[in-house]
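Novice: Here's a sequence, model it:
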Amino acid sequence: MKIFFNATYNLLKKNYSAAILNYAAALEKYYEFYIEVICRLNHESKDDKWNAVRKKSGAQLELFENEYFNNEGRKPYLLTGELRNLRNRVIHHGHFPSYEEVKEYGKGVFIAIKEDLDFLNKKYKIILQEIIVEHNMQKAKKIPAGYSISTTLIDTGVSISTSQNWNNMTFEKVIDNAKLYLIIEDNAESIMAITNLIRGDISLEECKTLFLKILNQFIKK
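Specialist: Prediction:
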């Protein structure tokens, strides 16, 4: 889920308010995804249900809770009242959150989504696969001729893909992956130089210097 990774990226870039907004949006996106799964299971229109609450965060949460309880027979994993209050303070009252507050909020969102995705991947695997294929086909339609869909080698931490390996994933690892992304972003020119070495365009000595520079950046991060 790109929006979740963007939130972690915001966190590391010290855009704390933006991080909260994106983490909250990622959670709401998951609520919508769950409604899509259930509507498909029950042969209902997701749009009919979701469009009525699309711009109302409180109503989205209420719909998600009700649908979840009706279909799963138990309550979903939700954020604590303290974390929900933090989101409201940032969005509605202009509170500027600290790094630790955002990190705690992001971790709560990660756990909430991860707990349910683990469950969905087991119970609704075929439906999830259908949705993933359709979503990818929709993306493909938007890509100009001659281009293809690319995927990142860096795990974003939250994915609807049934191939996602959740066993060892933690929020701390998500942060580490985002740090790696920043290192690559900050050293794009140096990394390109390594590619040029492979092509024979620069010397090994020049490449060693650039590699040490990247390694230094990684240690500092």
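Novice: Now do the helices in this protein.
Specialist: Shown for the chain, the helices assigned by DSSP state H span residues 2-12, 16-41, 46-50, 57-72, 81-93, 99-123, 125-141, 171-186, 188-199, 204-220.
Novice: can you pull the contacts of L41?
Specialist: Residues in contact with L41 (Cβ atoms under 8 Å, 6 or more residues apart in numbering) are 71, 124, 127. Using the backbone N, CA and C atoms, a C-beta is placed for each residue, glycine as well.
Novice: Pull the contacting residues for the nearest residue to A112 once chain neighbours are set aside.
Specialist: Once flanking residues are discounted, A112 sits nearest to Y77: 5.1 Å by Cβ to Cβ, 6 or more residues apart in numbering. Y77 makes contact with 111-112, 115-116, according to Cβ under 8 Å, 6+ apart.
Novice: Look up how far L63 lies from the closest residue to K75 other than its chain neighbours.
Specialist: Counting by Cβ to Cβ, 6+ apart, F69 is the residue found nearest to K75 once chain neighbours are left out, at 6.0 Å. Note on F69: its distance to L63, by Cβ to Cβ, to the nearest Å, is 11 Å.
Novice: which one of the two has more residues nearby?
Specialist: L63 (19 against 12; other Cβ atoms under 10 Å).
Novice: so that one touches E32, yeah?
Specialist: No. If you go by Cβ atoms under 8 Å, L63 and E32 don't touch, sitting 9.5 Å apart.
Novice: Touching both of the two, which residues are there?
Specialist: Joint contacts of L63 and E32 (Cβ under 8 Å, 6+ apart) are W50.
Novice: which residues of this protein score low on pLDDT?
Specialist: 1, 139-140, 142-168, 185-204, 206-208, 210-211, 213-215, 217-221 (pLDDT under 70).
Novice: rerun that using 80 as the cut-off
Specialist: Within the chain, the segments meeting pLDDT under 80 span 1, 135-136, 138-169, 180-221.
Novice: So the residue nearest to K75 versus E62, what's the distance?
Specialist: F69 is 11 Å from E62, by Cβ to Cβ.
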